[in-house]
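any chance you can model this:
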Amino acid sequence: MHIAVAGNIGSGKTTLTGMLAKHYGWEPMYESVENNPYLASFYEDMQRWSFNLQVYFLNNRFRQVIEIRKKNKTIIQDRTIYEDAYIFAPNLHDMQLMASRDFQNYASLFELMTQFLQPPDLLIYLKADTSTLVSQIQKRGRDCENTIRLDYLQNLNERYNKWIDGYTLGKLLIIDVNTIKFGERLEDFGTVIEKIDAELFGLFDQK
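Alright, predicted model coming up:
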């Protein structure tokens, strides 16, 4: 199976991916952050580096999807290719941080890739208010994220919620991380496990 964890910057995707991989014995596939050659430059000058960053992520995520399809095991993926195409790139374009010709080039590349994409068997969306995101970003203390603009996070959140409201590609599980602190409270992680079991194995009635 292909399980994917989606959510805004600071929502807890990497933490949950690691915890679920350990609990279920799944193979984790993480977003390339530490080795990303564009991320720090992007946060310093979004307009200059937005296209480069998004193409890097698109290429990296597409390679992950191809690799997932080749493996005969359950993979849990930290962030999806759809988030790059439907949320991050359009947001940068609307904020005039990505030129129209660059965005059109990017969109054309993604459209070509969609012919080879297979959606996740389960998408886990980590929903969080902007204040929760800011708090968690500050806690993890990545230097490159110190200059993230608040309006940038807010715009992303609006796009995430709109995308999830219309998501029809497969099974969807929404976790409200404003109240479910799976990284801090064991009982909350247990709640997440129950919800996932219900979606994947039908052990519980799940609304």
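
all helices for this structure, in order.
13-24, 39-44, 46-70, 81-83, 89-94, 100-113, 130-140, 150-165, 186-201 (DSSP state H).

where does pLDDT dip in this protein?
33-34, 141-147, 203-207 (pLDDT under 70).

nearest the geometric middle of it, what residue?
In the chain, the residue lying closest to the centroid (Cα atoms, centre = their mean) is residue 79, at 2.9 Å.

so that one touches residue 6, yeah?
Yes: with contact defined as Cβ atoms under 8 Å, residue 79 reaches residue 6; the gap is 6.4 Å. The way it works is simple: take the backbone N, C-alpha and C, and place the C-beta from them, glycine included.

which neighbours do the two share?
Taking Cβ atoms under 8 Å, 6 or more residues apart in numbering as the contact rule, residue 79 and residue 6 both touch residue 13.

of all the helices of the chain, which one comes closest to residue 180?
helix 186-201 (4.9 Å; Cβ to Cβ).

end to end, how far does stretch 176-194 reach?
14 Å (Cα to Cα, to the nearest Å).

count of residues packed around the closest residue to residue 46 other than its chain neighbours?
Excluding the flanking residues, the one nearest residue 46 by Cβ to Cβ, 6 or more residues apart in numbering is residue 97, at 4.5 Å. Residues lying near residue 97 (other Cβ atoms under 10 Å) number 19.

tell me who's in contact with residue 97.
Per Cβ under 8 Å, 6+ apart, neighbours of residue 97: 46, 47, 50.

make TSV out of the residues you listed and add neighbour count and distance to residue 190.
Supplementary listing: those in TSV, determined by neighbours: other Cβ atoms under 10 Å; distance: Cβ to Cβ, whole Å:
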residue	neighbour count	distance to residue 190
46	19	39
47	13	44
50	24	40
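
which one of these sits closest to residue 66?
Closest to residue 66, out of all of these and judged by Cβ to Cβ, is residue 50, at 24.8 Å.

any idea how far the closest one lies from residue 63?
21 Å (Cβ to Cβ, to the nearest Å).

likewise for residue 56?
From residue 56 to residue 63 the distance is 11 Å (Cβ to Cβ).

repeat for residue 108
The value you get for residue 108 to residue 63, if Cβ to Cβ is used, is 19 Å.

which one, of the helices of the chain, ends up nearest to residue 122?
Nearest of these (Cβ to Cβ): helix 186-201, 5.6 Å.

report the distance from that closest one to the chain centre.
The chain centre lies 19 Å from the centre of helix 186-201; the measure is Cα atoms, centre = their mean, to the nearest Å.

now residue 156, nearest residue through space, not along the chain?
Closest to residue 156 by Cβ to Cβ, 6+ apart is residue 8, at 5.2 Å.

quick one: residues contacting the one you found.
So residue 8 contacts 126, 128, 133, 153, 156, 157, 160 (Cβ under 8 Å, 6+ apart).

give me the distance from stretch 125-145 to the chain's centre.
On Cα atoms, centre = their mean, the centre of stretch 125-145 falls 13 Å from the chain's centre.

what lies in contact with that stretch?
5-13, 16, 33, 39-40, 43, 148, 150, 153-154, 157, 160-161, 164, 167, 172-178.

cool, and stretch 166-175?
Here stretch 166-175 has contacts from 16, 82, 119-127, 164, 182, 192, 195-196, 199-200, using Cβ under 8 Å, 6+ apart.

that's all I had, so thanks and see you.
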